[in-house]
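Participant: Give me the fold of what follows.
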Amino acid sequence: METILVPTQFDLPLDRIYIVAATLKTFKGRRHVDVQIFRPGAGDDELEAIRGLGLVAPADPSIPPEVLQGATEDAALRCILEAFTTEESRALLAYLEERYAEHIEKVTVCPMDIPVPLGVAPLAGIPEDKTTGFIRFDAVRDYNLPFAAHGYYDLSAHEPLDKE
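Facilitator: Here you go, the predicted model:
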(Lines give C-alpha, C1' and ligand atoms only; values in the text may rest on other atoms or scores of the structure.)
Protein backbone atom coordinates (compact mmCIF):
# COMPACT_ATOMS: atom_id res chain seq x y z
CA MET A 1 0.00 0.00 0.00
CA GLU A 2 1.47 3.29 -1.11
CA THR A 3 1.06 6.18 1.33
CA ILE A 4 1.34 9.84 0.39
CA LEU A 5 1.39 12.41 3.21
CA VAL A 6 1.37 16.06 2.21
CA PRO A 7 1.92 18.50 5.09
CA THR A 8 0.26 21.88 5.14
CA GLN A 9 2.44 24.82 4.15
CA PHE A 10 0.28 27.45 5.87
CA ASP A 11 -1.01 28.35 9.29
CA LEU A 12 -4.78 28.18 9.13
CA PRO A 13 -7.39 29.23 11.68
CA LEU A 14 -8.69 25.67 12.12
CA ASP A 15 -7.39 22.17 12.76
CA ARG A 16 -9.70 20.15 10.49
CA ILE A 17 -8.07 20.62 7.10
CA TYR A 18 -6.82 17.17 6.04
CA ILE A 19 -8.61 15.20 3.37
CA VAL A 20 -8.06 11.48 2.89
CA ALA A 21 -8.43 9.63 -0.40
CA ALA A 22 -7.87 5.94 -1.04
CA THR A 23 -7.73 3.81 -4.18
CA LEU A 24 -9.08 0.31 -3.63
CA LYS A 25 -7.64 -2.52 -5.72
CA THR A 26 -11.13 -3.94 -6.30
CA PHE A 27 -14.56 -3.09 -4.95
CA LYS A 28 -18.04 -4.30 -5.96
CA GLY A 29 -16.86 -5.72 -9.28
CA ARG A 30 -14.70 -2.72 -10.24
CA ARG A 31 -10.98 -2.11 -10.19
CA HIS A 32 -8.95 0.90 -8.97
CA VAL A 33 -11.92 2.46 -7.15
CA ASP A 34 -11.31 5.93 -5.73
CA VAL A 35 -12.86 6.60 -2.33
CA GLN A 36 -13.03 10.01 -0.66
CA ILE A 37 -12.98 9.42 3.10
CA PHE A 38 -14.61 12.05 5.29
CA ARG A 39 -16.00 12.84 8.74
CA PRO A 40 -19.81 12.91 8.61
CA GLY A 41 -22.19 14.62 10.96
CA ALA A 42 -20.62 17.91 12.02
CA GLY A 43 -22.87 19.73 14.45
CA ASP A 44 -24.24 23.23 14.26
CA ASP A 45 -21.88 24.28 17.06
CA GLU A 46 -18.89 23.31 14.89
CA LEU A 47 -20.38 25.26 11.99
CA GLU A 48 -20.81 28.36 14.16
CA ALA A 49 -17.21 28.08 15.38
CA ILE A 50 -15.79 28.48 11.86
CA ARG A 51 -18.30 30.95 10.45
CA GLY A 52 -16.70 34.32 9.75
CA LEU A 53 -13.13 33.00 9.43
CA GLY A 54 -12.94 33.73 5.70
CA LEU A 55 -12.88 30.07 4.71
CA VAL A 56 -15.26 30.42 1.73
CA ALA A 57 -14.23 32.24 -1.43
CA PRO A 58 -16.50 33.53 -4.20
CA ALA A 59 -17.69 30.95 -6.70
CA ASP A 60 -15.48 30.12 -9.65
CA PRO A 61 -16.60 32.52 -12.41
CA SER A 62 -16.44 29.75 -15.01
CA ILE A 63 -19.28 27.86 -13.32
CA PRO A 64 -22.67 28.69 -14.86
CA PRO A 65 -25.04 30.47 -12.45
CA GLU A 66 -27.68 27.74 -12.80
CA VAL A 67 -25.21 25.22 -11.39
CA LEU A 68 -24.72 27.42 -8.33
CA GLN A 69 -28.43 27.77 -7.60
CA GLY A 70 -28.97 26.92 -3.98
CA ALA A 71 -25.26 27.07 -3.12
CA THR A 72 -24.71 28.40 0.38
CA GLU A 73 -21.82 29.38 2.59
CA ASP A 74 -23.08 26.87 5.17
CA ALA A 75 -22.79 24.01 2.64
CA ALA A 76 -19.23 25.05 1.81
CA LEU A 77 -18.38 25.25 5.52
CA ARG A 78 -19.90 21.80 6.11
CA CYS A 79 -17.61 20.52 3.34
CA ILE A 80 -14.64 21.86 5.33
CA LEU A 81 -15.98 20.21 8.49
CA GLU A 82 -15.80 16.81 6.76
CA ALA A 83 -11.99 17.11 6.87
CA PHE A 84 -9.82 15.54 9.57
CA THR A 85 -7.35 17.02 12.05
CA THR A 86 -3.68 16.03 11.79
CA GLU A 87 -4.13 13.50 14.61
CA GLU A 88 -7.34 12.06 13.16
CA SER A 89 -5.86 11.69 9.69
CA ARG A 90 -2.82 9.87 11.10
CA ALA A 91 -5.03 7.59 13.22
CA LEU A 92 -7.25 6.86 10.22
CA LEU A 93 -4.22 6.09 8.07
CA ALA A 94 -2.88 3.70 10.73
CA TYR A 95 -6.30 2.00 10.91
CA LEU A 96 -6.48 1.61 7.12
CA GLU A 97 -2.93 0.22 7.01
CA GLU A 98 -3.65 -2.27 9.77
CA ARG A 99 -7.08 -3.38 8.63
CA TYR A 100 -7.17 -2.98 4.83
CA ALA A 101 -3.58 -2.76 3.52
CA GLU A 102 -4.01 -5.77 1.21
CA HIS A 103 -7.12 -4.18 -0.37
CA ILE A 104 -5.80 -0.65 -0.86
CA GLU A 105 -3.42 0.48 -3.60
CA LYS A 106 -2.81 3.98 -2.28
CA VAL A 107 -3.86 6.40 0.46
CA THR A 108 -3.27 10.13 0.16
CA VAL A 109 -3.55 12.51 3.10
CA CYS A 110 -3.26 16.17 2.17
CA PRO A 111 -4.51 19.57 3.29
CA MET A 112 -7.68 20.94 1.77
CA ASP A 113 -7.31 24.04 -0.38
CA ILE A 114 -8.60 26.92 1.75
CA PRO A 115 -10.62 28.98 1.09
CA VAL A 116 -13.08 26.66 -0.64
CA PRO A 117 -15.17 28.20 -3.41
CA LEU A 118 -18.85 28.85 -2.90
CA GLY A 119 -20.65 26.00 -4.63
CA VAL A 120 -18.86 23.07 -3.03
CA ALA A 121 -21.05 20.87 -0.87
CA PRO A 122 -20.49 18.15 1.71
CA LEU A 123 -20.04 14.59 0.50
CA ALA A 124 -22.55 13.36 3.07
CA GLY A 125 -25.29 15.11 1.12
CA ILE A 126 -24.80 13.06 -2.04
CA PRO A 127 -27.64 10.57 -2.51
CA GLU A 128 -26.80 6.89 -2.88
CA ASP A 129 -27.95 4.97 -5.95
CA LYS A 130 -26.94 1.92 -8.02
CA THR A 131 -23.37 3.16 -8.66
CA THR A 132 -22.67 5.65 -5.87
CA GLY A 133 -22.60 5.06 -2.17
CA PHE A 134 -20.76 5.16 1.11
CA ILE A 135 -18.46 2.80 2.95
CA ARG A 136 -19.28 3.30 6.62
CA PHE A 137 -15.99 2.36 8.23
CA ASP A 138 -17.31 3.19 11.70
CA ALA A 139 -20.06 0.55 11.31
CA VAL A 140 -17.50 -2.22 10.76
CA ARG A 141 -16.82 -4.59 13.64
CA ASP A 142 -13.64 -3.68 15.54
CA TYR A 143 -13.58 -0.07 14.30
CA ASN A 144 -11.74 1.57 17.17
CA LEU A 145 -11.37 5.25 16.26
CA PRO A 146 -13.18 7.87 18.39
CA PHE A 147 -14.72 9.57 15.33
CA ALA A 148 -16.89 8.43 12.45
CA ALA A 149 -15.39 7.92 8.99
CA HIS A 150 -17.30 7.30 5.75
CA GLY A 151 -15.97 6.82 2.24
CA TYR A 152 -17.79 8.06 -0.85
CA TYR A 153 -17.40 6.08 -4.10
CA ASP A 154 -18.76 6.26 -7.64
CA LEU A 155 -18.48 2.90 -9.40
CA SER A 156 -19.46 4.33 -12.80
CA ALA A 157 -16.07 6.05 -12.96
CA HIS A 158 -14.13 2.76 -12.84
CA GLU A 159 -13.53 -0.25 -15.08
CA PRO A 160 -15.36 -3.50 -14.42
CA LEU A 161 -13.15 -6.38 -13.27
CA ASP A 162 -14.09 -8.54 -16.24
CA LYS A 163 -12.95 -5.93 -18.79
CA GLU A 164 -9.49 -6.65 -20.14
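Participant: And the helices in the protein?
Facilitator: Ranges of helices in the chain, per DSSP state H, are 44-50, 73-81, 86-100.
Participant: now for the second one, which elements pack on it?
Facilitator: The elements that helix 73-81 packs onto, with contact taken as 3 or more CB pairs under 8 Å, 6 or more residues apart in numbering; DSSP states H and E, are helix 44-50, strand 56-57, strand 116-117. C-beta here means a position set from N, CA and C on the backbone, and glycine is covered the same way.
Participant: looking at these, which is closest to L68?
Facilitator: Closest approach to L68 among the helices and strands packed on helix 73-81 is made by strand 116-117 (9.6 Å; CB to CB).
Participant: Could you spell out the sheet neighbours of the closest one, each with its direction?
Facilitator: Note on strand 116-117: by DSSP bridges, its sheet partners are strand 56-57 (parallel).
Participant: Let me see the mean pLDDT of the strand it pairs with.
Facilitator: Average pLDDT, strand 56-57: 96.
Participant: Need the residues that contact it.
Facilitator: With contacts defined as CB atoms under 8 Å, 6 or more residues apart in numbering, strand 56-57 is touched by 73, 76-77, 115-118.
Participant: next one: stretch 119-133
Facilitator: 36, 38, 40-41, 59-60, 63, 67-68, 71, 75-76, 78-79, 81-82, 134, 150, 152-156.
Participant: First residue to last residue on that stretch, what's the distance there?
Facilitator: End-to-end distance of stretch 119-133: 21 Å, with CA to CA, to the nearest Å as the criterion.
Participant: Report the buried residues of that stretch.
Facilitator: The neighbour-count criterion (16 or more other CB atoms under 10 Å) identifies 119-124, 133 as the buried residues of stretch 119-133.
Participant: Stretch 5-22 too?
Facilitator: Within stretch 5-22, the residues scored as buried using 16+ other CB under 10 Å are 14, 16-22.
Participant: how about the contacts of strand 56-57 in TSV, adding pLDDT and distance to E102?
Facilitator: Formatted as TSV, the contacts of strand 56-57 follow (pLDDT from 0 to 100; distance: CB to CB, whole Å):
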residue	pLDDT	distance to E102
E73	94	42
A76	96	37
L77	97	37
P115	93	38
V116	94	34
P117	94	37
L118	94	41
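Participant: of the residues you listed, buried ones?
Facilitator: Listed as buried from these are 76-77, 116-118; burial here means 16+ other CB under 10 Å.
Participant: Quick check: the farthest pair among these?
Facilitator: Spanning the widest gap among these are L77 and P117, at 12.3 Å by CB to CB.
Participant: Give me the below-cutoff pLDDT ranges for this protein.
Facilitator: Counting by pLDDT under 70, the chain shows low-confidence ranges at 163-164.
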